[in-house]
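Chemist: Here's a sequence, model it:
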Amino acid sequence: QEATDTGLEGTFVEVSGEVTDFAQDIGGAANIRLDDGSGECLIRVWNSTGVNLAGVTVGEQLTVRGPLDIYQGNTQLLLAYQEDLSKPGDGVEGDGSGFAVTEPDSVEIGASGLSVNVTLWSTQEDTLRTVHILMPVGWGWTALAEDVVLAGSGLASARQQVVSDFGEYRIELTDCFITGSDTGLVTITGLTSPLESVISYFWIKTAVQGGSPAFIDTSPVIMVGDNPMLQIRDVQVNSAQFTSPVTIRGLVTVGAGILRTDRTSAYIQDESEYGINISQFGPPDQRFQRGFYVEVTGTVSEYRETTQMTPSGVSIIDSSAQLPAAIAVSTGDANHPRWDGTYIRVPRNVGEEHAVVIDKYTTSTQPPFDYNIVVNDGSGALTLRVWGTTGINLDSVLVNEAVIASGVGSVFLIDNEPSYQILPAYQSDIIPDEGYEPSLQGVDLDIPPYPFVPDRGEKILIRYNAGAVNNQVTVRIFDLGGRMITTLVDKPAELIVETIEWDGRDKLLDFVPVGTYICHLEVMEFVSGKKETRMAPIVIGTILK
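Modeler: The predicted model follows:
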């Protein structure tokens, strides 16, 4: 009932209740009515938001957030983002519960042969079955299983493994039974502390039976050295932990006034090899210039899955610092939230791998023109988003040529799902890859040399090598009389090596008769028009009765 108060116009509110009515395509939007017993509230969801309402049904409970609007004298709550729509009970209650402490709580810089004890316990209401310990960056560690020792009744039957993502480690514990009385002790040995004075977070995630690991309210820290600084990596890993203003230091990789001219939008990066966006309304703050080493105090927030920091204080420590080397990654690996705000480069191995331009198009109708350049080194496609404000000349960037591209990683949403891109900011961030030549070398076709039986639901794996990204690939199946049975692939190569399946059906989706068939691979290189072909037999069998 309170959500019908017109005095709350423009206020961001949250309501929960039962769906009493649900109507779609009403003037380009959907209307949902909720009632928690105090009266109905209207939820207006414009089709342009892309919010998926497929799971909404009359009679179920929903929680919705958004600003209150007034239409014809009545209030309506405007639902704009998928994350603002949820069902009470989504997830598992108890995930992210529990407590942890580390011992010691402080160490010297560069100390070797260290052991860290992580003590875990929970409440009597929540039994923790899964625990993840994210190891801090900057620490030396062997990452061997024997350097993780479990003790305590809560971990008596637990299993462990060490997992690596982009060179960072986490310890995963499953089959735990941690309660208020059944505690767990994880001893991590063979550690060397960082070479600089930093605050090192041992981030802890927990889950109960059937749940998914979530961060506990307060993860433990170890202070390294006498004047430790917060690392950008920890702000990026769990920004929700930092509700009060924080202070970080970093080198400006993208200066203010480059990507945006109507506000401050800059990027800084520190020794943790993580970066963050500095965002603030008003004219671009010229204290953020590429190559400046700065200390920034401000508040941390998330905007559409991008971690941002709004500065309240800025100090320039060095105005001629050396730019960090861009972290080299593949185009496939660049599609990951790890790189949000971090200065990276594709391809990973220049000279051995090539980021081929497979598409280039503008998204603007008038200058300065913004461009999307899609590149692929054979591991997956990646978008380079080149804002017109950067002034980067793209005349030499051509489809079927290759580039060496650098920029900060960025997150953007498509239909409320995160996608990833690189933001080049300077002319030197996109240079031609002079070592690239389109090639048909390596074209190959590999099919297992045994019959398969489609009648039993079997499929045969067909593995091919396209030679290079963007070569046109066609895979067809023929019978021994030369008649075409079906086409399995007809597209430019997105991966150099790819595996597909054939289920034994023709182009009409009928099973073909028992016998021998020919798989025919044709690969054409677009620039020269040259082709390579490969053929291999496939034998289809049946069940003898």
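Chemist: Summarise which helices and strands the one helix or strand in the chain whose mean pLDDT sits lowest is packed against.
Modeler: Least confident element among the helices and strands of the chain, by mean pLDDT, DSSP states H and E: strand 85-86 (a mean of 81). Secondary-structure packing of strand 85-86 (3 or more Cβ pairs under 8 Å, 6 or more residues apart in numbering; DSSP states H and E): strand 61-71. Placement of C-beta: from N, CA and C, glycine included.
Chemist: Residues touching the least confident helix or strand of the chain, excluding its own?
Modeler: Residues outside strand 85-86 that contact it (Cβ atoms under 8 Å, 6 or more residues apart in numbering): 51, 53, 62, 63, 64, 79.
Chemist: Check which element follows that strand along the chain.
Modeler: Moving toward the C-terminus from strand 85-86, the next helix or strand (DSSP states H and E) is strand 99-103.
Chemist: Can you list the strands that that next one pairs with?
Modeler: According to DSSP bridges, strand 99-103 forms sheet pairs with strand 114-121 (antiparallel).
Chemist: Just the buried residues of the partner strand, please?
Modeler: Within strand 114-121, the residues scored as buried using 16 or more other Cβ atoms under 10 Å are 114, 116, 118, 119, 120, 121.
Chemist: Can you say which two of these are spatially most distant?
Modeler: Spatially, the most separated pair among those is 114 and 121, at 23.2 Å (Cβ to Cβ).
Chemist: Can you pull out the low-pLDDT segments for this structure?
Modeler: For the chain, the stretches with pLDDT under 70 are 88-92, 545.
Chemist: all helices for it, in order.
Modeler: 232-237 (DSSP state H).
Chemist: Distance check, residue 428 against residue 390.
Modeler: Here residue 428 is placed at a distance of 11 Å from residue 390 (Cβ to Cβ, to the nearest Å).
Chemist: Of the two, which one has the most company?
Modeler: Ranked by neighbour count (other Cβ atoms under 10 Å), residue 428 and residue 390 place residue 390 first, with 22 against 9.
Chemist: Just to check, that one is in contact with residue 257?
Modeler: No: at 10.2 Å, residue 390 and residue 257 do not qualify as touching, with contact defined as Cβ atoms under 8 Å.
Chemist: any idea where the strands of the stretch 101-250 of the chain begin and end?
Modeler: In the stretch 101-250 of the chain, the strands defined using DSSP state E, counting those that start in this stretch lie at 106-107, 114-121, 130-134, 148-151, 159-165, 168-174, 184-191, 199-201, 203-207, 214-215, 221-224, 246-254.
Chemist: possible to save these as JSON lines with distance to residue 544?
Modeler: Below are these laid out as JSON lines (distance: least, Cβ to Cβ, whole Å):
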{"stretch": "strand 106-107", "distance to residue 544": "70"}
{"stretch": "strand 114-121", "distance to residue 544": "58"}
{"stretch": "strand 130-134", "distance to residue 544": "48"}
{"stretch": "strand 148-151", "distance to residue 544": "53"}
{"stretch": "strand 159-165", "distance to residue 544": "44"}
{"stretch": "strand 168-174", "distance to residue 544": "45"}
{"stretch": "strand 184-191", "distance to residue 544": "56"}
{"stretch": "strand 199-201", "distance to residue 544": "63"}
{"stretch": "strand 203-207", "distance to residue 544": "49"}
{"stretch": "strand 214-215", "distance to residue 544": "54"}
{"stretch": "strand 221-224", "distance to residue 544": "67"}
{"stretch": "strand 246-254", "distance to residue 544": "67"}
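Chemist: So which of the ones you listed is nearest residue 527?
Modeler: Short answer: strand 246-254, nearest of the strands of the stretch 101-250 of the chain by Cβ to Cβ, at 33.9 Å.
Chemist: In its sheet, which strands sit next to the closest one, and in what direction?
Modeler: Looking at strand 246-254 with DSSP bridges, its partner strands are strand 263-269 (antiparallel), strand 293-303 (antiparallel).
Chemist: Which of those strands sits closest to residue 251?
Modeler: Of all the strands paired with strand 246-254, strand 293-303 sits nearest to residue 251, with 5.0 Å by Cβ to Cβ.
Chemist: Buried residues, the closest one. List them.
Modeler: Here strand 293-303 shows 293, 294, 296, 298, 300 as buried, counting by 16+ other Cβ under 10 Å.
Chemist: if I pick the second one, what's in contact with it?
Modeler: Applying Cβ under 8 Å, 6+ apart to residue 294 gives the contacts 249, 250, 251, 252, 268, 287, 288, 314, 315, 316, 317.
Chemist: and with 10 Å instead?
Modeler: By Cβ atoms under 10 Å, 6 or more residues apart in numbering, residue 294 lies in contact with 248-252, 266, 268, 278, 287-288, 311, 314-319, 321.
Chemist: Out of the strands of the stretch 101-250 of the chain, flag the one nearest residue 439.
Modeler: Using Cβ to Cβ, the strands of the stretch 101-250 of the chain put strand 159-165 closest to residue 439, at 32.2 Å.
Chemist: hang on, isn't residue 187 packed against residue 120?
Modeler: No: in this structure, residue 187 is not within contact of residue 120 by Cβ atoms under 10 Å, at 11.9 Å.
Chemist: doesn't residue 256 make contact with residue 263?
Modeler: Yes: the criterion here is Cβ under 10 Å, and residue 263 meets it with residue 256 at 8.6 Å.
Chemist: what about those two, which has more around it?
Modeler: With neighbours defined as other Cβ under 10 Å, residue 263 and residue 256 compare such that residue 256 has more, 23 against 15.
Chemist: What sits closest to the more buried one if chain neighbours are left out?
Modeler: residue 284 (3.8 Å; Cβ to Cβ, 6 or more residues apart in numbering).
Chemist: Report how many residues lie close to the one you found.
Modeler: For residue 284, the tally of surrounding residues (other Cβ under 10 Å) stands at 20.
Chemist: can you tell me which residues contact the residue nearest to residue 493 when sequence neighbours are not counted?
Modeler: Nearest residue to residue 493 in three dimensions, chain neighbours excluded: residue 466, at 3.5 Å (Cβ to Cβ, 6+ apart). Residues near residue 466 by Cβ under 10 Å, 6+ apart: 378, 440, 442-444, 472-473, 489, 492-498, 521, 523, 525, 532.
Chemist: how about residue 319, what does it touch?
Modeler: Going by Cβ under 10 Å, 6+ apart, residue 319 touches 252, 287, 289, 291, 292, 293, 294.
Chemist: which ones are touching the residue nearest to residue 268 when sequence neighbours are not counted?
Modeler: Spatial nearest neighbour of residue 268, chain neighbours left out: residue 250 (3.5 Å); criterion: Cβ to Cβ, 6+ apart. For residue 250, the contacting residues are 229, 231-232, 267-272, 274-276, 278, 292-296, 309, 317, 321, 324, 341, by Cβ under 10 Å, 6+ apart.
Chemist: out of the residues you listed, which are buried?
Modeler: Buried among the contacts of residue 250 by 16+ other Cβ under 10 Å: 229, 231-232, 267-272, 274-276, 278, 292-294, 296, 309, 324, 341.
Chemist: could you dump the strands paired with strand 246-254 to a markdown table with distance to residue 195?
Modeler: What follows is the strands paired with strand 246-254, written out as a markdown table (distance: least, Cβ to Cβ, whole Å):
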| stretch | distance to residue 195 |
| --- | --- |
| strand 263-269 | 17 |
| strand 293-303 | 17 |
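Chemist: Which one, of the ones you listed, ends up nearest to residue 542?
Modeler: Nearest of those (Cβ to Cβ): strand 293-303, 57.1 Å.
Chemist: Burial check on residue 419, number of neighbours?
Modeler: Residue 419: 13 surrounding residues under other Cβ under 10 Å.
Chemist: So what's the residue count around the closest residue to it other than its chain neighbours?
Modeler: Leaving aside its sequence neighbours, residue 419 sits nearest to residue 412 (Cβ to Cβ, 6+ apart; 5.7 Å). Using other Cβ under 10 Å, residue 412 has 13 other residues around it.
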